[in-house]
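give me a model of this one.
(chains A and B)
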Amino acid sequence: MVAYKPRYVYVESKARHAPLTERILRSLSGCSVYEIQDHRRLEEESLPLRGHDTGMKGQVLVLAHHPGPCIRPFPGSSEDPSPSEFFVAHANGCPFDCQYCFLQGYFDHYAPVLFVNQEDLLDELADHLKRNVHRGPAAYHTGELSDALALEPWSGFAAAAIPLFRDFPAARLELRTKCADIEDLLPDGPPQNITVSWTLTPWEAWQRYEHRTPNPLLRLQSARACQEKGYPVGIRLDPALLVPEWKREYAKLIQEIYENLRPGEGGIESFVMGGFRYSPVLGSRIQERSPSNALLLPEFVRCRDGKHRYFRPLRVSLYREIVRQIRRHDPTTPIHLCMETDQVRRDVFEG
Amino acid sequence: MNYQRIALQKIVHGSRDDDLYVFTFRPDVTELQTSIERSGLLVAPVLKETEAGFYRVICGSSRIKALRHLGRESVGAFVVSDREWTDAECLSRSILENRLHRGFNEVEKALVFTRLADRFPHLLPELAEALGEDLKMPQEPKALASYRFILSLADPIREGLARDELSLGQALLLRGFPVDAHGAFFRVMTECGLTLQESRKAAQWTLEAAAREGRGTSDFLEEVVTRPVLNETTSPQQKALRLFSALRNRRYPLIESWNARFASARSQISAKNKGIHVTHDPTFETTRIKVQIQATSAPEFMQRLETLSEAAREGKIERLFQALSVESSDLP
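Below you'll find the model as predicted:
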């Protein structure tokens, strides 16, 4: 993994005097600091890097003020009058550079943005937990609009959020990440409703598409260390990718997972799989960056939600094989599909 | 400026410096030759005298080329000396004459933009009036790079572009192709009469299918397109239909095989001939089918229902759903 140490820090004027801003700037000696008005409008400022320059990912950190609310219903559940899944937007973007990442088509620039008014965000989270406790189980995710832990060395957000869940056992917090060496950033003896989950792809995909990220083995070692501290660990095979020799590659990855992690009760909490999918905007970004990108070469169809997915028999084949490989090692750990149709669920689990 | 008789062999041409003021790209001068033979040269070219007694063309390069083809030895021309007209004045005259009399084709625009940007950027303010609104100098490096690309294309493609056989947008699609495939894809666009949008789709499918198969683009085009499609003597529309069918089968072989499978299952119901239309979700995301019955009377309607019932008893409806289901044989 290429260590993330920004050369440029863009600080929103509203965030200038936040205690976290001051702490971060002290720790980043030697970086150049620029004051900006609005992190969403970098084009209007005179800055060394901006827009969709991939150099921003490794060189720029934006410190901004989140006006709230930072807790929102999970996409797809917003029309549900009583949604039970939420994401926590404590940061936008991340310093990793994964070619398939949907965030490329989401924000106006590629720099990671950390919201420094963390007291407000944590107060909002605590209040949200209290207000929703009567509705039953609820799931909270960080890692939807950013990597949950990539900015943790600066923010400490996860470490502060975890204890809030101790009094709300029906609520779950998932920290989804591609990081390694983060176990020391998280508190010991966590409540059991906290899951740290790792997004993994086979080595072939990591080399081709996941720039600036730790390799799968380093992530698994960090996951094991988190298991030792008492955290349930989730495995997220999302996106699941049709790389060359994908059956062999996924067999190798699953083998590595079981060589490094403790399975069963208190071990791997669940697997979640989701086939690679892309919006038209993301497709354009991928092609602009690399016109001959192999990500877009398999057969895709445009689905009802506007996203392109692998043609159904290809997805079913991919999922069935991954399930088969998991079950060779572990007959009981739950396996779920993400952002999939009922038809595909039936094809995979009942076909 | 004075009018003189100048030997054609004294008029320089062919190199970048010789053609410093020439922005003409019209390879075919046959029509002009015929006109000169019939009516003589109606408008004298304008030349600039260089050192050592040679002459550089300011206006009239096509006329001079036509005269050379006709075997003439000299031409009556207006001549200016080096001291009389500056580079700016020569360029201005050349651009204005072309712009006002016949306009610029895309290759000629590329010549104007790149030569002015490379050799005369300091004269751009002076040339603004000559360039006018229709020859706005591209400001972005990317736009200028597009024009440089046009000039790098092989002669047949530039000639096709000059004759409007393909548009600038179509010519720029060739940037995505290796050089050895330019000629083949140029033929695809022109011989199939493709629009820009169709050309984009054909380019995308060609490059993606070739990449997926691990083939060189040129080989792929030769096997999939040139031999079976372009070398057939059919209309451009027919060629276009066959082109897209061939490319779709190579780009989306599994989807096409599912389409064929469903079509085969549907044909067994003989539905098309009996006012019964069966369709499916074109993405195959679901196994849902839609059956429409058209009838003009109750007995006709009942007859069609009976056709469907019979098809169901014979297992033909079951086969329709099987055609939409994932079987192990489908799985790669």
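
how about the residues of the stretch 51-200 of chain B near chain A?
With CB under 8 Å from any CB of the partner chain as the criterion, the stretch 51-200 of chain B comes near chain A at residues residue B:176. From N, CA and C alone the C-beta is placed, and that goes for glycine too.

just the strands in the stretch 51-200 of chain B please.
B:55-59, B:74-80 (DSSP state E, counting those that start in this stretch).

of these, flag the one that's most buried.
strand B:55-59 (a mean of 24; mean count of other CB atoms under 10 Å in any protein chain shown).

who does that strand touch, helix- and strand-wise?
strand B:46-49, strand B:74-80, helix B:87-101 (3 or more CB pairs under 8 Å, 6 or more residues apart in numbering or on different chains; DSSP states H and E).

could you give the angle of the longest one to strand B:74-80?
When you say that, I think you mean helix B:87-101. Using axes from the mean of the first three to the mean of the last three CA atoms, to 10 degrees, the inter-axis angle of helix B:87-101 relative to strand B:74-80 is 120 degrees.

does residue A:332 touch residue A:264 like I think?
Yes: counting by CB atoms under 8 Å, residue A:332 touches residue A:264, with 6.9 Å between them.

lowest-pLDDT helix or strand in chain A?
Across the helices and strands of chain A, mean confidence by mean pLDDT, DSSP states H and E is lowest for helix A:55-59: a mean of 84.

buried set for that one?
A:56-59 (16 or more other CB atoms under 10 Å in any protein chain shown).

of those, closest to chain B?
For the buried residues of helix A:55-59, the residue nearest chain B by CB to the nearest CB is residue A:56; the value is 20.0 Å.

for the closest one, give me its contacts.
Residue A:56 makes contact with A:49-50, A:109-111 under the criterion CB atoms under 8 Å, 6 or more residues apart in numbering or on different chains.

least confident of those residues?
Among the contacts of residue A:56, residue A:50 carries the weakest pLDDT, at 81.

helix, strand or coil for that one?
When classified by DSSP: H, G, I helix; E, B strand; the rest coil, residue A:50 comes out as coil.

now it: closest residue in space that isn't a chain neighbour?
With sequence-adjacent residues excluded and distances taken as CB to CB, 6 or more residues apart in numbering or on different chains, residue A:50 is closest to residue A:42, at 4.2 Å.

count of residues packed around that neighbour?
The local packing of residue A:42 (other CB atoms under 10 Å in any protein chain shown) involves 22 other residues.

next up, phi/psi of it, please.
The phi and psi values for residue A:42, taken as degrees, to the nearest 10, are phi -70, psi -20.

who touches residue 74 in this structure?
In the absence of a named chain, chain A is used. The contact partners of residue A:74, taken as CB under 8 Å, 6+ apart, are A:83, A:85-87, A:139, A:141, A:144.

my question was about chain B, not that one.
B:5-8.

what about residue A:11, is that helix, strand or coil?
Applying three-state DSSP: residue A:11 is strand.

in chain A, what residue spans correspond to helices?
Assigned by DSSP state H, the helices in chain A fall at A:19-27, A:55-59, A:118-132, A:152-155, A:157-161, A:203-209, A:216-228, A:246-260, A:280-289, A:312-329, A:342-349.

so how many other residues sit close to the residue in the stretch 51-200 of chain B that chain A sits nearest to?
Using CB to the nearest CB, the closest approach of the stretch 51-200 of chain B to chain A is made by residue B:176 at 6.1 Å. Here the count is done by other CB under 10 Å, and residue B:176 has 17 residues near it.

repeat for the one 4 residues further on
Residue B:180 is surrounded by 12 other residues when neighbours are defined as other CB under 10 Å.

and what of residue A:21?
Neighbour count for residue A:21, taken as other CB under 10 Å: 21.

does residue B:27 touch residue B:157 like I think?
No: Residue B:27 lies out of contact with residue B:157 (CB under 8 Å); the separation is 12.0 Å.

more neighbours: which of these two?
residue B:157 (24 against 14).

deepest-packed of the helices and strands packed on strand B:55-59, please.
Ranked by average neighbour count under the criterion mean count of other CB under 10 Å, the helices and strands packed on strand B:55-59 are headed by strand B:46-49 at a mean of 22.

quick check: nearest residue in space to residue A:171, chain neighbours excluded?
Once flanking residues are discounted, residue A:171 sits nearest to residue A:138: 4.7 Å by CB to CB, 6+ apart.

residue 127: neighbour count?
All of this is about chain A. Residues near residue A:127, counting by other CB under 10 Å, number 11.

could you do chain B instead?
Neighbours of residue B:127 under the rule other CB under 10 Å: 21.

that one touches residue B:113, doesn't it?
No: under the contact definition of CB under 8 Å, residue B:127 does not touch residue B:113, with a separation of 11.4 Å.

grab the nearest non-local neighbour of residue B:47.
Setting aside the residues directly before and after it, residue B:47 is nearest to residue B:55 in space (CB to CB, 6+ apart), at 4.1 Å.

equivalent analysis for residue A:278, please.
residue A:308 (5.3 Å).

beta partners of the one you found?
residue A:278, residue A:302 (DSSP bridges).

what number of residues lie near it?
Applying other CB under 10 Å, we find 18 other residues in the vicinity of residue A:308.

try residue B:282
For residue B:282, the neighbour count with other CB under 10 Å is 10.

ok, residue B:110 next?
26.

same check, this time on residue A:338
Neighbour tally, residue A:338, other CB under 10 Å: 14.

mind checking how far the least confident helix or strand of chain A is from the chain centre?
Distance of helix A:55-59 from the chain centroid (CA atoms, centre = their mean, to the nearest Å) equals 18 Å.

next: stretch B:169-177.
For stretch B:169-177, the distance to the chain centre is 8 Å (CA atoms, centre = their mean).

domain map for chain B?
Chain B breaks down by automatic domain parsing into domains covering B:1-85, B:159-251, B:262-330.
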